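1. Structural data only, the sequence is not supplied:
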């Protein structure tokens, strides 16, 4: 089953807790991930960027007063830069209710000057139209901006994958290392130079896939 990296532009529904934020001086609201709990509530890991500390305090006060927020906890408040990080629990947002249950590696960004919430996530290819239909059924305006297939581990090539796995098993990636590049090369019947190149190429592909799934690429 193929995985796709998808980006949707979504109108923020009245049920979203972002609606009740004091957006004066807010530059962006980033949802770093969201997870649905057994009771149906949804936890959001967020980072809100404001122009200064006084604006970030307005955001905190908005979260305290919001009728759409059941519970929230601050992880970090960066006073000089006006950045607020924390967790919000809500159960009413139509958008997150769909995204949290059907997608992997979810990241959302709401930019005040744009007025739309951009959600980037990874999901099985066949789920993409279902997610869009589910949002539209909830009367959420949605536009598909990107849908690209991600490279799977099989596209790395079995020999290269075996190199990474054996190097990991021998402790080459441990800190401190339990095996040197020469140890792994002898084990695999390769020269240290060619093995080093193979490992770097494999790690680059793994890292690229991971970063894409996280929404950074």
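-> Yes, it's here. Everything quoted here is computed from the prediction, not taken from an experiment.

2. What ranges does this protein have for its strands?
-> Remark: strands assigned in the chain by DSSP state E are 3-10, 26-36, 42-50, 71-78, 83-90, 104-111, 117-124, 142-149.

3. Go through these and name the closest to residue 171.
-> strand 104-111 (28.6 Å; C-beta to C-beta). Where C-beta positions appear, they are placed from N, C-alpha and C, glycine not excepted.

4. can I see the domain layout of this structure?
-> 3-149, 153-214 (automatic domain parsing).

5. Mind giving me the packing neighbours of the lengthiest helix in the chain?
-> The residue-count maximum for a helix in the chain (DSSP state H) belongs to helix 192-214. The helices and strands touching helix 192-214, judged by 3 or more C-beta pairs under 8 Å, 6 or more residues apart in numbering; DSSP states H and E, are strand 3-10, strand 104-111, helix 158-170, helix 181-188.

6. Any chance of TSV for the ones you listed, columns distance to residue 199?
-> Putting those into TSV (distance: least, C-beta to C-beta, whole Å) gives the following:
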stretch	distance to residue 199
strand 3-10	24
strand 104-111	25
helix 158-170	6
helix 181-188	8
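
7. Output these as CSV; include the columns mean pLDDT, distance to residue 56 and mean neighbour count.
-> Putting those into CSV (pLDDT from 0 to 100; distance: least, C-beta to C-beta, whole Å; neighbours: other C-beta atoms under 10 Å) gives the following:
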stretch, mean pLDDT, distance to residue 56, mean neighbour count
strand 3-10, 88, 25, 20
strand 104-111, 82, 16, 19
helix 158-170, 82, 42, 15
helix 181-188, 90, 47, 16
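
8. which stretch among the ones you listed comes nearest residue 132?
-> strand 3-10 (7.3 Å).

9. got a list of contacts for that closest one?
-> The contact list for strand 3-10 (C-beta atoms under 8 Å, 6 or more residues apart in numbering) reads 95, 103-104, 116-125, 128, 131-132, 135, 140-150, 152, 212-213, 215.

10. Please check those residues and keep the buried ones.
-> When those are checked for burial by 16 or more other C-beta atoms under 10 Å, the buried set is 95, 103, 116-123, 128, 131-132, 135, 140, 142, 150, 212-213, 215.

11. where in the chain is pLDDT low?
-> Low-confidence segments of the chain (pLDDT under 70): 1, 105, 151-158, 212-217.

12. could you redo the last one with a cut-off of 80?
-> Along the chain, the model assigns pLDDT under 80 to residues 1-3, 76-81, 102-105, 113, 150-162, 206, 208-217.

13. Count the neighbours of the closest residue to residue 81 other than its chain neighbours for me.
-> Counting by C-beta to C-beta, 6 or more residues apart in numbering, residue 49 is the residue found nearest to residue 81 once chain neighbours are left out, at 7.8 Å. For residue 49, the neighbour count with other C-beta atoms under 10 Å is 21.

14. Which residue, other than its chain neighbours, is closest to residue 32?
-> residue 45 is the one closest to residue 32 (C-beta to C-beta, 6+ apart), at 4.4 Å.

15. Mind listing residues that contact the longest helix of the chain?
-> Helix 192-214 has contacts (C-beta under 8 Å, 6+ apart) with 3, 5, 104-105, 107, 122, 150-151, 156, 160-161, 163-164, 167, 172, 181-182, 184-185, 188, 190, 217.

16. ok, now how distant is the closest residue to residue 163 other than its chain neighbours from residue 69?
-> Leaving out its chain neighbours, the residue that sits closest to residue 163 by C-beta to C-beta, 6+ apart is residue 198, at 5.2 Å. Note on residue 198: its distance to residue 69, by C-beta to C-beta, to the nearest Å, is 50 Å.
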